[in-house]
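**Q** model this:
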Amino acid sequence: MHFGHALKNTLVPVITIVGLQLGAIIAFAIVTETVFQWPGMGLLFIQSVNQADIPVMAAYLLLISALFVTINLIVDLLYYAVDPRLRIGRGQGAH
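**A** I've put the predicted structure just below:
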């Protein structure tokens, strides 16, 4: 009956946690790839740190930061789509 209204209000914390967990998965991929010696971008980054390969480190950090910004943008857009309170003040200035 009121499931649709309640679901929209309860999705905000769920979206927050999912966004944080995606960031944690990306951040700890370096540890996982290093421990298990899986070939991947995390292992490439660790090898470039050991060899002082600045362009590879810069490219990796730029890519990871772009992923974090994109994830946070998607989370913020989902907040706007899900939370009706954010749409009420649309068109009104801050008082």
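
**Q** and the gap between V31 and A24?
**A** 11 Å (C-beta to C-beta, to the nearest Å). Bear in mind the C-beta positions are built from the backbone N, C-alpha and C, glycine included.

**Q** same question, D53
**A** Relative to A24, and taking C-beta to C-beta, D53 is found at 26 Å.

**Q** so between those two, which is more surrounded?
**A** D53 (15 against 10; other C-beta atoms under 10 Å).

**Q** the residue nearest to that one when sequence neighbours are not counted: neighbour count?
**A** Leaving aside its sequence neighbours, D53 sits nearest to Q47 (C-beta to C-beta, 6 or more residues apart in numbering; 7.8 Å). Neighbour count for Q47, taken as other C-beta under 10 Å: 12.

**Q** for the helix or strand where Q47 lies, what is the distance to the chain centroid?
**A** Assigning secondary structure by DSSP states H and E places Q47 in helix 41-51. Put simply, helix 41-51 sits 22 Å off its chain's centre (C-alpha atoms, centre = their mean, to the nearest Å).

**Q** so which elements touch it?
**A** helix 29-36, helix 54-82 (3 or more C-beta pairs under 8 Å, 6 or more residues apart in numbering; DSSP states H and E).

**Q** could you dump those into JSON lines and include mean pLDDT?
**A** Converted to JSON lines, these look like this (pLDDT from 0 to 100):
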{"stretch": "helix 29-36", "mean pLDDT": "86"}
{"stretch": "helix 54-82", "mean pLDDT": "89"}
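
**Q** and of these, who's closest to V18?
**A** Of all these, it is helix 54-82 that lies closest to V18, at 7.8 Å by C-beta to C-beta.

**Q** same for the closest one, what does it pack against?
**A** helix 3-27, helix 41-51, helix 85-88.

**Q** deepest in the core, which of these is it.
**A** For the helices and strands packed on helix 54-82, the largest average neighbour count (mean count of other C-beta atoms under 10 Å) is found in helix 41-51, namely a mean of 15.
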